[in-house]
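Novice: Coordinates for the following, if possible.
(4 chains)
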Number of protein chains: 2
Amino acid sequence: MATRKLNDGEAASTPVKRQAKAGVKAAGSKTPGRAKPLTRIQKEKQDIILEAALEVFSLHGFRGATIDQIAAQAGMSKPNLLYYFPKKEEIHRRLISELLDTWLAPLREFDETGDPFTEIRSYIRRKLEMARDMPRESRLFANEMLQGAPHVSEMIEVDLKQLVDEKAKVLLTWMDQGKISRADPYHLIFSIWATTQHYADFDVQVRAVLGPGRNGDGRFEDAARYLEHLFMHGLTLRPKT
Amino acid sequence: MATRKLNDGEAASTPVKRQAKAGVKAAGSKTPGRAKPLTRIQKEKQDIILEAALEVFSLHGFRGATIDQIAAQAGMSKPNLLYYFPKKEEIHRRLISELLDTWLAPLREFDETGDPFTEIRSYIRRKLEMARDMPRESRLFANEMLQGAPHVSEMIEVDLKQLVDEKAKVLLTWMDQGKISRADPYHLIFSIWATTQHYADFDVQVRAVLGPGRNGDGRFEDAARYLEHLFMHGLTLRPKT
DNA sequence: AGAAATTTTGACCAGTTGGAAAAATGTTAG
DNA sequence: CTAACATTTTTCCAACTGGTCAAAATTTCT
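Specialist: The predicted structure is shown next:
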């Protein structure tokens, strides 16, 4: 909750056809002072829309998704949806910035004072659970990264970098203390991200390769076992060969 | 080169407005007998188009890419491009099916008779080189997987599965022979895919986190070093703790 | 209840996009 | 050279898409 949401600053260059007169001010307002209480209905509808949008965006990407699809998924008409979010981009922006918070939460919990192996193991487990339980969010994120993160560049260059720097330092400390084997902490983190998110983003491939047998979530348990094996061994100190 | 290209079987349901009278038969023809020699110019132009399409598709995804963009990138007019590939989908199909061949080549070379550590190490290295040298292909592939592999489902369920099954068996043999530590071979392969492709697909994120310092390909060398460390340790036999 | 505000709808529109038709321009074999 | 064929360009279009608008329906407030 500490990180900035970075969804103020409208593109100050848009032609400004006519300021939406009635519609709900969907996202960050220019005047942070009063923010219009946001009625119960508005909050509800916005949540419904965001849920629908998550479904559609994660399935087709930003450009692949149409407002019509999202509206249909949300069970409302297109103009009605536009009433709550005047711009398609706005829905996406909201989704992404809310997502980033949840997405990085596990890394934030990473505790310097804990036992390195326990900390890393539970970080891996949590990330894998997220891949299992929030595949749409994972794919939304992956889509954004694939396109070059046009909507979150600032956030990943500042907040994300800062967070990772911090946690990398923790890992380095542990290495210095001889608690875990020495290796590039950044790439360690990358490899945890990559391996865990793989099970959400490349789900079709994983299912296809494992065949019909190992499907019903059994693959996640196997993956958990395997990744634990992989990373724990990779972290264990050993006499030089 | 052994795998089937699976690009015959037009969607037999399309309305068939009027069979393209002149245009080049872009992909697999219904009658595999005579395949029209394909003049030098045709081959050249098709290659130019495919190269341009790779650029655009990998950058914007299938729906995000427009024929106009591809045509512009290829330095020709839209109708001219459509002369060579009557359907946008056709370009994409060709790209994907050609890609799959290259993409799986390193895994095919995996040699049962070689030294396990050497084989796996060089597999990782090759995959990482591909992420470095063919990021567009990697992203095209990732995009396809993210969308649920609508165009290659058959191929990944048959050819890919078969190949991985085969190589998993090799890994199992090595484990049985006590040459490498015992672990799920499928997830081992997945984790190699995930970690290596991560550097192409999530390039922005990697760059952002590493900051401006470690950019000019240095990150790939670091990654190679780290991944070798990770996987080699994960494979090394050790007395039970 | 009745006025005011909010929410929803139906009709509509302008720009984009995939693609078709046909004419125009090469290119090549006889 | 010229007929047949291959390639390219010009013009056009129908469907889709993001978005607008005024009016209607509904909810909220007094």
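Novice: and A:Trp193, how many neighbours does it have?
Specialist: 21 (other C-beta atoms under 10 Å in any protein chain shown). To be clear about C-beta, it is placed using only N, CA and C from the backbone, and glycine gets the same treatment.
Novice: so what does the helix or strand containing it touch, helix or strand wise?
Specialist: Assigned by DSSP states H and E, A:Trp193 belongs to helix A:185-201. If contacts are counted by 3 or more C-beta pairs under 8 Å, 6 or more residues apart in numbering or on different chains; DSSP states H and E, helix A:185-201 sits against helix A:116-133, helix A:135-146, helix A:161-176, helix A:218-235, helix B:135-146, helix B:185-201, helix B:203-210, helix B:218-235.
Novice: swap the cut-off to 7 Å and go again
Specialist: Taking 3 or more C-beta pairs under 7 Å, 6 or more residues apart in numbering or on different chains; DSSP states H and E as contact, the helices and strands that helix A:185-201 lies on are helix A:116-133, helix A:135-146, helix A:161-176, helix A:218-235, helix B:185-201, helix B:203-210, helix B:218-235.
Novice: could you dump those to JSON lines with mean pLDDT?
Specialist: Shown next, in JSON lines, are those (pLDDT from 0 to 100):
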{"stretch": "helix A:116-133", "mean pLDDT": "96"}
{"stretch": "helix A:135-146", "mean pLDDT": "97"}
{"stretch": "helix A:161-176", "mean pLDDT": "96"}
{"stretch": "helix A:218-235", "mean pLDDT": "92"}
{"stretch": "helix B:185-201", "mean pLDDT": "98"}
{"stretch": "helix B:203-210", "mean pLDDT": "96"}
{"stretch": "helix B:218-235", "mean pLDDT": "92"}
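Novice: With respect to B:His151, which of those helices lies nearest?
Specialist: Closest approach to B:His151 among the helices and strands packed on helix A:185-201 is made by helix A:135-146 (16.7 Å; C-beta to C-beta).
Novice: The closest one versus helix B:203-210: what angle between them?
Specialist: 80 degrees (axes from the mean of the first three to the mean of the last three C-alpha atoms, to 10 degrees).
Novice: quick check, helix A:135-146 touching chain B?
Specialist: Yes - applying C-beta under 7 Å from any C-beta of the partner chain, one finds helix A:135-146 touching chain B at A:Arg139, A:Ala142, A:Asn143, A:Met145, A:Leu146.
Novice: pLDDT on the following helix or strand past that helix, on average?
Specialist: As assigned by DSSP H and E, the chain's next helix or strand after helix A:135-146 is helix A:153-155. Across helix A:153-155, pLDDT averages out at 88.
Novice: I'd like the distance between the residue nearest the centre of chain A and B:Ala223.
Specialist: The centre of chain A sits closest to A:Trp103, judged by C-alpha atoms, centre = their mean, with a distance of 3.9 Å. As judged by C-beta to C-beta, to the nearest Å, A:Trp103 and B:Ala223 stand 22 Å apart.
Novice: Likewise for A:Val56?
Specialist: According to C-beta to C-beta, A:Val56 and B:Ala223 sit 34 Å apart.
Novice: what's the closest non-adjacent residue to A:Arg121?
Specialist: Spatially, and ignoring its direct neighbours in sequence, A:Arg121 is nearest to A:Glu228 (6.0 Å; C-beta to C-beta, 6 or more residues apart in numbering or on different chains).
Novice: For DNA strand C, what is the nearest residue in chain A?
Specialist: A:Pro79 (3.1 Å; C-beta to the nearest atom of the strand).
Novice: tell me which element that residue falls in.
Specialist: helix A:78-84.
Novice: next structured bit after that helix?
Specialist: Following helix A:78-84 toward the C-terminus (DSSP H and E): helix A:88-109.
Novice: Which elements pack onto that following helix?
Specialist: helix A:40-64, helix A:116-133, helix A:135-146, helix A:161-176.
Novice: How about it and DNA strand C, touching?
Specialist: No - using C-beta under 7 Å from any atom of the strand, helix A:88-109 stays clear of DNA strand C, coming no nearer than 13.3 Å.
Novice: to the chain's geometric centre, what's the distance from that helix?
Specialist: Taking C-alpha atoms, centre = their mean, to the nearest Å, one finds helix A:88-109 lying 5 Å from the centre of the chain it belongs to.
Novice: ditto for stretch A:209-217
Specialist: Using C-alpha atoms, centre = their mean, the offset of stretch A:209-217 from its chain centre is 25 Å.
Novice: What separation is found between the N-terminal and C-terminal residues of it?
Specialist: This stretch, stretch A:209-217, spans 14 Å end to end (C-alpha to C-alpha, to the nearest Å).
Novice: Name the residues that touch it?
Specialist: Outside stretch A:209-217, the residues that touch it by C-beta atoms under 7 Å, 6 or more residues apart in numbering or on different chains are A:Arg132, A:Arg207, A:Arg219, A:Asp222, B:Leu160, B:Lys161, B:Val164, B:Tyr186.
Novice: Relative to B:Ile96, how far out is the closest residue to the third one other than its chain neighbours?
Specialist: Read that as A:Arg219. Leaving aside its sequence neighbours, A:Arg219 sits nearest to A:Leu210 (C-beta to C-beta, 6+ apart; 5.7 Å). Taking C-beta to C-beta as the measure, A:Leu210 and B:Ile96 are separated by 22 Å.
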